[in-house]
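S.K.: Can you look at this prediction? I've put the sequence above it.
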Amino acid sequence: MAYNIAAVTARKIFSSNSSKFAQSCYVITRGSSSDGPQEPKKELINHSRVRGIDILRNPKLNKGTAFTLKERQLMGIHGLVPPTVRSVEEQTIRVLTNFSKRSSDLDRFIYLMALQDRNEKLFYKVLCENVEEMMPIVYTPTVGQACQQYGVVFRRPRGLFISIKDKGHIYEILCNWPERNVKAIVVTDGERILGLGDLGAYGMGIPVGKLSLYTALGGIHPAKCLPILLDVGTNNEKLHEDPLYIGHCEPRVTGQEYDDFIDEFMQAVAKRYGYSCLVQFEDFGNHNAFRFLEKYRDVYCTFNDDIQGTAAVAAAGVFASLRITKTKLTDNKFLFQGAGEANIGIAELLTLAMIEEGATEQEARSKIWMVDSRGLITKGRPSGGISGHKKEFAKDYKHMDNLEEIVEDLKPSVLIGAAAIAGAFTEKVILSMAAHNERPVIFALSNPTSKAECSAEEAYTLTEGRCVFASGSPFPACTVNGKTFYPGQGNNAYIFPGVALGVITCGVRHIEDKIFLHAAQCLSKLVTDENLAEGRLYPPLNQIQEVSLKIATELAEFVYRTGAASAYPEPKDKEAYIRSFLYDTNYEQFVPDTWEWPETK
Ligand SMILES: NC(=O)C1=CN([C@@H]2O[C@H](COP(=O)(O)OP(=O)(O)OC[C@H]3O[C@@H](n4cnc5c(N)ncnc54)[C@H](OP(=O)(O)O)[C@@H]3O)[C@@H](O)[C@H]2O)C=CC1
Ligand SMILES: CC(=O)C(=O)O
Ligand SMILES: [Mg+2]
């Protein structure tokens, strides 16, 4: 009983002296949204206004059974949680037990999303400590399945849904978002979700998943991250018939009306969060992705992850592969299956890298061959369709449209697939690569796993363990002739968290392509000889947080050297500076250590 009396007394003290308690609760945040010096500072969380059951219902504050007795009593939640006080380690065991007991990956996805909605710190702690097991759930491949069934999976809204009907009011909708100091937005219109096509408003799973990785892999505070779905309708007939569909059941708005909508969105973001707010375009249709990148890159702080992030991760894999094949970049012949956002992005970045290596642009482009839905991209081919970026890679060559024949004819040393055509790397294609190369390089980058060009096992088995392999979605280790290979995950998740962290902390306004080249070079240097010996073209996933930090640090060195940073004064120790911004997954203390129970006489 004594503690009840103390609690009443304490509650009085708490409410009359709230600022004293609040002062003990800090989070590290970046400075204001202004463009001035961006020293990290300790910011007060005003917990004092939230009390009682509202604390447990607030995922940012809730610690569940980890609240101490003092906290429970002072904050008016005593009795609202079971009496046992659990450590975060014990809570983690409970989460992992529940996670492993779920019968399917989709159930695991739902379980983790519920945890995120309930206790944000615990969600990120568990995700950060179990990246290898949980990234395939919150990200590809399971997030793809979740998007396809979003109507069923949907529990609570997360992120902002802005519809074409809201045209003229986008700024007001942004103002409804409770966080004022947003630094990073991932936005999609759902037209090309992974390799699954147009999923309309169901595509929201992607910005949510990507931003979970901003925090888990890049250490960016979740309050600084905003997922956005722009609902302009969908051309997916199945969704029009889906009674659970959460978006507009109308065909996509296109043309000027669509462009004006996106323009208004970008202007509203800048007005609400400043021009330094990072906007990552994700999974837009091909015909819009390139246009918007060109249109906005010099005006806003923006990049397209499918074009530029993917380019960097694939180029890093290629750079690492050179240490196995003992070749220079320009010694290779690259064949790309697919000539869309991902592959054009990769081809352009490799061109830039070859030019840095001393090649002329023409020489560099001559090494790169591309195949699209109409076959090999050759000048004046009868099937036509060579527009935009594809033109740069069109060759004076006979026309062919069968990948098996093309590989046999061209004998590429590197084969990269990103066309979402499952199984495109047939047995014949892989055998042909094996016949013409001692160490064939084969990247099956399409996501999710169901769209992969081939499996890791197929690639390693058919090449008798000689291939250098990476895939967009994870494949398990596989053993061939007694040797175990750990296939690398050539996914932009190795790039965008680190790039975003560097951009945000250094106040970069415009993200030039060289930033992605530096990110790729940095990533490939982090691959050890031991990694390569195991078949890994990337550092293991359990090191990915350190990888993001190194990429951000490398980027910081670059942007300060080139004058692209706006956060001044320039930090001497860039890594320490960036480290000081990282989100802390440990629980905050709501009651200062020094606090003593008051006298109750
Ligand atoms: N691993 C990673 O990090 C990433 C992987 N991806 C994956 O890459 C895939 C493609 O994405 P993205 O490039 O953005 O998509 P796009 O729609 O921009 O491009 C798809 C390309 O594939 C081509 N294509 C379609 N059918 C065939 C065919 N039968 N044979 C050859 N080429 C064909 C299209 O040809 P045409 O131009 O003629 O229409 C187009 O060039 C997706 O599965 C996506 O998930 C994407 C980003 C990152
Ligand atoms: C990984 C990714 O961005 C994609 O598949 O679209
Ligand atoms: Mg994508």
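M.R.: Noted; the coordinates are in hand. Ligands and ions are numbered 1, 2, ... in the order given.
S.K.: Those residues of the stretch 301-450 of the chain touching ligand 3, which are they?
M.R.: Within the stretch 301-450 of the chain, the residues that sit near ligand 3 (Cβ under 5 Å from the ion) are residue 306. Where you see a C-beta, it was placed from the backbone N, CA and C, and this is true even at glycine.
S.K.: can you map out the strands along the stretch 301-450 of the chain?
M.R.: Using DSSP state E, counting those that start in this stretch, the strands of the stretch 301-450 of the chain run over residues 302-304, 334-337, 368-372, 375-376, 414-417, 441-444.
S.K.: residue closest to the middle of this protein?
M.R.: Nearest to the geometric centre of the chain sits residue 210, at 3.5 Å (Cα atoms, centre = their mean).
S.K.: so who does it touch?
M.R.: 139, 186, 227, 280, 282, 305, 496 (Cβ atoms under 8 Å, 6 or more residues apart in numbering).
S.K.: and the strands of the stretch 301-450 of the chain as TSV, adding mean pLDDT?
M.R.: Listed next are the strands of the stretch 301-450 of the chain as TSV, based on pLDDT from 0 to 100:
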stretch	mean pLDDT
strand 302-304	98
strand 334-337	98
strand 368-372	98
strand 375-376	97
strand 414-417	98
strand 441-444	98
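S.K.: Dump the ones you listed into CSV; add distance to residue 515 and mean neighbour count as well.
M.R.: CSV is the format used below for the strands of the stretch 301-450 of the chain (distance: least, Cβ to Cβ, whole Å; neighbours: other Cβ atoms under 10 Å):
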stretch, distance to residue 515, mean neighbour count
strand 302-304, 8, 25
strand 334-337, 22, 25
strand 368-372, 22, 23
strand 375-376, 32, 21
strand 414-417, 22, 28
strand 441-444, 22, 29
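S.K.: nearest to ligand 1, of the ones you listed?
M.R.: Proximity to ligand 1 (Cβ to the nearest ligand atom) singles out strand 368-372 among the strands of the stretch 301-450 of the chain, at 3.5 Å.
S.K.: partners of that closest one in the sheet?
M.R.: The pairing partners recorded for strand 368-372 under DSSP bridges are strand 334-337 (parallel), strand 375-376 (antiparallel).
S.K.: hang on, the earlier thing: would you check which pair of the contacts of residue 210 lies furthest apart?
M.R.: Spatial extent of those (Cβ to Cβ) is set by the pair 139 and 280 at 14.4 Å.
S.K.: quick revisit: could I get the strands paired with strand 368-372 in TSV, plus columns for distance to ligand 2?
M.R.: Shown next, in TSV, are the strands paired with strand 368-372 (distance: least, Cβ to the nearest ligand atom, whole Å):
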stretch	distance to ligand 2
strand 334-337	15
strand 375-376	24
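S.K.: need the residues of this protein near ligand 3, please.
M.R.: Counting by Cβ under 5 Å from the ion, the chain sits next to ligand 3 at 282, 283, 306.
S.K.: and the gap between residue 199 and residue 586?
M.R.: 36 Å (Cβ to Cβ, to the nearest Å).
S.K.: How about residue 434?
M.R.: Residue 434 sits 50 Å away from residue 586, going by Cβ to Cβ.
S.K.: Which one's more surrounded, these two?
M.R.: The neighbour count for residue 434 versus residue 586, taken as other Cβ atoms under 10 Å, is higher for residue 434 (18 against 8).
S.K.: residue contacts, the more buried one?
M.R.: 440, 462, 463, 464, 466, 467.
S.K.: The second one and residue 427 touch, don't they?
M.R.: Yes - contact status for residue 462 versus residue 427: in contact at 6.1 Å, counting by Cβ atoms under 8 Å.
S.K.: Tell me which of these two has more neighbours.
M.R.: residue 462 (24 against 13).
S.K.: okay, now the residue nearest to the more buried one when sequence neighbours are not counted: neighbour count?
M.R.: The shortest distance from residue 462 to any non-neighbouring residue, by Cβ to Cβ, 6 or more residues apart in numbering, is to residue 430 (4.3 Å). Neighbourhood size, residue 430 [other Cβ under 10 Å]: 23.
S.K.: Go ahead and confirm residue 430 touches residue 466.
M.R.: No - between residue 430 and residue 466 there is no contact under Cβ under 8 Å: 10.7 Å.
S.K.: Quickly list what's touching both of the two.
M.R.: residue 440.
S.K.: Select the longest strand from the chain.
M.R.: In the chain, with assignment by DSSP state E, the single longest strand is strand 225-231.
S.K.: Just the CA trace of that one, in CSV.
M.R.: Only the C-alpha atoms of strand 225-231 are listed here, as CSV (Å, rounded to 0.1, in the frame of the first residue of the first chain):
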residue,chain,number,x,y,z
CYS,A,225,10.8,9.8,-41.8
LEU,A,226,7.6,10.1,-43.7
PRO,A,227,6.2,7.4,-46.0
ILE,A,228,3.8,8.8,-48.7
LEU,A,229,1.5,7.1,-51.2
LEU,A,230,0.2,9.3,-54.0
ASP,A,231,-3.1,7.7,-55.1
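S.K.: For the stretch 151-300 of the chain, what lies in contact range of ligand 2?
M.R.: Proximity of the stretch 151-300 of the chain to ligand 2, by Cβ under 6 Å from any ligand atom, involves residues 194, 283.
S.K.: where exactly do the helices run in the stretch 151-300 of the chain?
M.R.: In the stretch 151-300 of the chain, the helices defined using DSSP state H, counting those that start in this stretch lie at 170-176, 205-218, 237-241, 255-273, 286-296.
S.K.: now those helices as CSV including mean pLDDT?
M.R.: Formatted as CSV, the helices of the stretch 151-300 of the chain follow (pLDDT from 0 to 100):
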stretch, mean pLDDT
helix 170-176, 98
helix 205-218, 98
helix 237-241, 97
helix 255-273, 98
helix 286-296, 97
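S.K.: tell me the most buried of these?
M.R.: helix 205-218 (a mean of 27; mean count of other Cβ atoms under 10 Å).
S.K.: Write the ChimeraX selection for whichever of the contacts of residue 210 are buried.
M.R.: Here is the ChimeraX command that selects the buried residues among the contacts of residue 210 (16 or more other Cβ atoms under 10 Å):
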select :139,186,227,280,282,305,496
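S.K.: Please convert the contacts of residue 210 to CSV, extending it with distance to ligand 1 and pLDDT.
M.R.: Listed next are those as CSV, based on distance: Cβ to the nearest ligand atom, whole Å; pLDDT from 0 to 100:
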residue, distance to ligand 1, pLDDT
139, 10, 98
186, 14, 98
227, 18, 98
280, 12, 98
282, 9, 98
305, 7, 98
496, 9, 98
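S.K.: Now intersect the contacts of residue 210 with the strands, please.
M.R.: 186, 227, 280.
S.K.: Now for residue 579, how many residues are close by?
M.R.: Residue 579, neighbours per other Cβ under 10 Å, totals 16.
S.K.: That one and residue 548 touch, don't they?
M.R.: No - counting by Cβ under 8 Å, residue 579 does not reach residue 548; the two are 11.3 Å apart.
S.K.: isn't there a helix covering residue 552?
M.R.: Yes - under DSSP: H, G, I helix; E, B strand; the rest coil, residue 552 falls within a helix.
S.K.: By proximity to ligand 3, which residue of the stretch 151-300 of the chain wins?
M.R.: Going by Cβ to the ion, ligand 3 is nearest to residue 283 of the stretch 151-300 of the chain, at 4.5 Å.
S.K.: where does the stretch 301-450 of the chain have low pLDDT?
M.R.: For the stretch 301-450 of the chain, applying pLDDT under 70 flags no range at all.
S.K.: For it, just list every one of the helices.
M.R.: Under DSSP H, counting those that start in this stretch, the stretch 301-450 of the chain gives helices at 310-325, 341-356, 361-366, 403-410, 427-436.
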